[in-house]
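**Q** Please find the sequence and the predicted model below.
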Amino acid sequence: METTKRTKLGKILDSDSGGAIREVQAAPAPMREFLCFLLGEENYGVEAFQVNEIIPNQAINPVPCTPDWILGAIYFRGQILPIVDLKNLLGLPGSQSSPQSRILIVQSQDISAGIKADQVYELTQIPADKIQAPLTVLEKIKSDYLLGEVLLNDRLIILLNLDKIIEGARIQRRKTS
């Protein structure tokens with residue numbers, strides 16, 4: 001059926017232009033790799049190149065005088081890393097840790113941090129042209145944290161912009177200091 005449509009289209013174009021029209025094959029869309037995880041019941045993804053490691057959930061030491069979206073800190077491979085509570089930062093309802101909970105050790109520019117996820121379930125490649133802009137009805141501060149959204153295997157995955165999240169954390173940290 002597809003060949004028939006192209007042939008008919010080719011004949012129409014040939015007759016309208018007075019000469020043969022060469023069909024150009026579109027280049028495949030570049031792929032972007034994302035690590036997908038759950039926050040509550042919602043699916044989220046971050047660019048895989050920014051994730052250094054995934055570790056089991058562990059005791060997080062509280063740190064006084066930090067914003068409520070900082071769960072605390074852990075000592076990991078010779079570094080003290082802040083652990084970001086994305087649920088709190090994004091205004092999602094909180095929940096307790098489970099055996100599936102993980103901490104994503106992420107890197108954004110020159111900052112390393114941990115992000116708590118309820119469950120990590122997939123590393124996937126997504127064609128860049130399938131990523132849609134985030135919903136415009138979201139509050140500006142929250143929509144700045146989003147790269148976009150994609151429907152993948154009947155699941156809506158919200159893609160996060162770690163650079164903006166960390167940048168926002170830096171700004172908030174300066175305001176609270």
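**A** That came in fine, so what should we check first?
**Q** all contacts plus neighbour counts: C-alpha atoms, from now on.
**A** Fine.
**Q** OK, contacts around Leu147?
**A** 133-134, 158-161 (Cα atoms under 8 Å, 6 or more residues apart in numbering).
**Q** Distance of Pro67 relative to Glu41?
**A** If you measure Pro67 against Glu41 using Cα to Cα, to the nearest Å, the figure is 24 Å.
**Q** neighbour-wise, which of the two wins?
**A** A direct count of neighbours by other Cα atoms under 10 Å for Pro67 and Glu41 places Pro67 higher, at 15 against 10.
**Q** State the distance from that one to Asn88.
**A** 10 Å.
**Q** wouldn't Leu86 be in contact with Ile115 here?
**A** Yes - Leu86 is in contact with Ile115 according to Cα atoms under 8 Å; the separation is 6.9 Å.
**Q** List only those of the contacts of Leu147 flagged as buried.
**A** 134, 158-161 (16 or more other Cα atoms under 10 Å).
**Q** if we can go back for a sec, name the residues contacting each of Pro67 and Asn88.
**A** In contact with both Pro67 and Asn88: no residue, using Cα under 8 Å, 6+ apart.
**Q** and Leu156, what does it touch?
**A** Taking Cα under 8 Å, 6+ apart as the criterion, Leu156 is in contact with 43, 149-150.
**Q** let me fix that: Arg155
**A** Asn43.
**Q** ranges for the strands of this structure?
**A** 31-39, 42-47, 51-56, 70-76, 79-84, 102-108, 111-117, 119-127, 146-152, 155-160 (DSSP state E).
**Q** Which positions within the fourth one qualify as buried?
**A** Neighbour-count burial for strand 70-76, with 16+ other Cα under 10 Å as criterion, is recorded at 70-74.
**Q** So which elements touch it?
**A** strand 79-84 (3 or more Cα pairs under 8 Å, 6 or more residues apart in numbering; DSSP states H and E).
**Q** Tell me which residues are up against the strand it packs on.
**A** Outside strand 79-84, the residues touching it (Cα under 8 Å, 6+ apart) are 60, 69-75, 112-116.
**Q** and Cys36, bridged to which residues?
**A** Bridge pairing for Cys36 (DSSP bridges) gives the partners Gly45, Glu122.
**Q** Against Thr66, how distant is it?
**A** 27 Å.
**Q** For the contacts of Leu156, could you give me a markdown table that also reports neighbour count, pLDDT and distance to Gln107?
**A** Shown next, in a markdown table, are the contacts of Leu156 (neighbours: other Cα atoms under 10 Å; pLDDT from 0 to 100; distance: Cα to Cα, whole Å):
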| residue | neighbour count | pLDDT | distance to Gln107 |
| --- | --- | --- | --- |
| Asn43 | 18 | 93 | 21 |
| Glu149 | 20 | 92 | 22 |
| Val150 | 22 | 93 | 23 |
